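Asker: This is a predicted model, with the sequence first.
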Amino acid sequence: MSEREELQAALGARSELGADFEPQIIDSFLERIEKRIDERRARPVARHEREHHAITPLVLGSLGISIPLMAIAGAAGGLWGVAMVCAAIVLVNFFVARR
């Protein structure tokens, strides 16, 4: 039964039973909804989905920070500095992805 159908059934029960039973009807409805929420929370998230969400900010952040770092490294150390920044970014992303 969907949430909408459960709510309609609860409202129908209230109209049939009257306002005296309203707290019990509401409590019963809320218990069913809470149970359904708990079931949805308990579902495991696919591993690749968790990894994707955990790695994406790191990859985007490292690419964003690499631009100014390469500019600074290029001005200070030339090609060698740029190569070192690139190697550091690759290593960080590699080890985080392996985790």
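Answerer: Done, it's in. Numbering: from 1, shown residues only.

Asker: For this structure, which segments are assigned as helices?
Answerer: 3-17, 22-42, 47-98 (DSSP state H).

Asker: Make CSV out of these and add mean neighbour count.
Answerer: (Glycine included, C-beta is placed from N, CA and C.) Output for the helices of the chain, formatted as CSV (neighbours: other Cβ atoms under 10 Å):
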stretch, mean neighbour count
helix 3-17, 13
helix 22-42, 11
helix 47-98, 12
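
Asker: Now the ones you listed in a markdown table, please, with extra columns for mean pLDDT.
Answerer: Output for those, formatted as a markdown table (pLDDT from 0 to 100):
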| stretch | mean pLDDT |
| --- | --- |
| helix 3-17 | 82 |
| helix 22-42 | 84 |
| helix 47-98 | 81 |
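
Asker: Contact partners for Gly77?
Answerer: Contacts for Gly77 (Cβ atoms under 8 Å, 6 or more residues apart in numbering) come out as Met84.

Asker: ok, now how distant is it from Met84?
Answerer: The spacing between Gly77 and Met84, counted by Cβ to Cβ, to the nearest Å, is 7 Å.

Asker: okay, now the domains of the chain?
Answerer: 3-42, 46-99 (automatic domain parsing).

Asker: Figure out how far the first one is from the centre of its chain.
Answerer: It stands for domain 3-42. Counting by Cα atoms, centre = their mean, to the nearest Å, domain 3-42 is centred 29 Å from the centre of its parent chain.

Asker: what does the last one give?
Answerer: For domain 46-99, the separation from the chain centroid amounts to 22 Å (computed by Cα atoms, centre = their mean).
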